[in-house]
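Colleague: quick check, what structure comes out for this input:
(one chain, ligands or ions: 1)
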Amino acid sequence: MHSDSVSSISTRQRQDLLTAACEARQHAYAPYSSYAVGAAILAKNGAIYTGVNVENASYGLSICAERSAVFKMVSDGVREILAVAVCTENGGSPCGACRQVLAEFSADIPVFLLDIHGNVRETTLYTLLPDHFGPEHLP
Ligand code: THU
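Modeller: Residues are numbered from 1 along each chain as shown. Prediction:
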């Protein structure tokens, strides 16, 4: 999906999203990396879908928090993302795989990167993933 401008959300939606990401982080299952991640998606229907990283003893099977949240949203029949927040101990940015999966269901949405001290960095999905591969590239 493409749009020229970054979508805007209300102050209340923003605060709820940031809170949801950091609350979700408490449920991260990260016994191998000890790097807990919580993600929250504001969906087009107004609902917030959260996700956490879920690691596995077979390391490669681990899933990131952002993709957990996207898959939860899609499983609920919802396919449009308005904003994303990610909460980590140090404000880490979404990995490339998660950026691509977010782009499947998003325009140039706001992305909020939080740390556990309450610092927030705001960026956008297309800043993080310019010129991404999309359905228009498929023959
Ligand atoms: N992780 C995420 O959940 N999201 C990202 O975008 C980057 C990395 C997780 C995967 C793994 O469980 C841990 O952080 C360390 O890489």
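Colleague: near the ligand, anything from the longest helix belonging to the chain?
Modeller: The single longest helix within the chain, with elements called by DSSP state H, is helix 11-25. No: judged by C-beta under 6 Å from any ligand atom, helix 11-25 stays clear of the ligand, getting no closer than 9.7 Å. Every C-beta, even on glycine, is put in place using the N, C-alpha and C of the backbone.
Colleague: list the helices and strands that helix packs on?
Modeller: Counting contacts by 3 or more C-beta pairs under 8 Å, 6 or more residues apart in numbering; DSSP states H and E, helix 11-25 packs against strand 38-43, strand 48-52, helix 65-75, strand 81-87, strand 110-114.
Colleague: who are the packing partners of the longest one?
Modeller: Contact analysis of helix 65-75 by 3+ C-beta pairs under 8 Å, 6+ apart lists helix 11-25, strand 38-43, strand 48-52, strand 81-87, helix 96-104 as its packing neighbours.
Colleague: how far off helix 96-104 does that helix point, in degrees?
Modeller: Here helix 65-75 runs at an angle of 30 degrees relative to helix 96-104 (axes from the mean of the first three to the mean of the last three C-alpha atoms, to 10 degrees).
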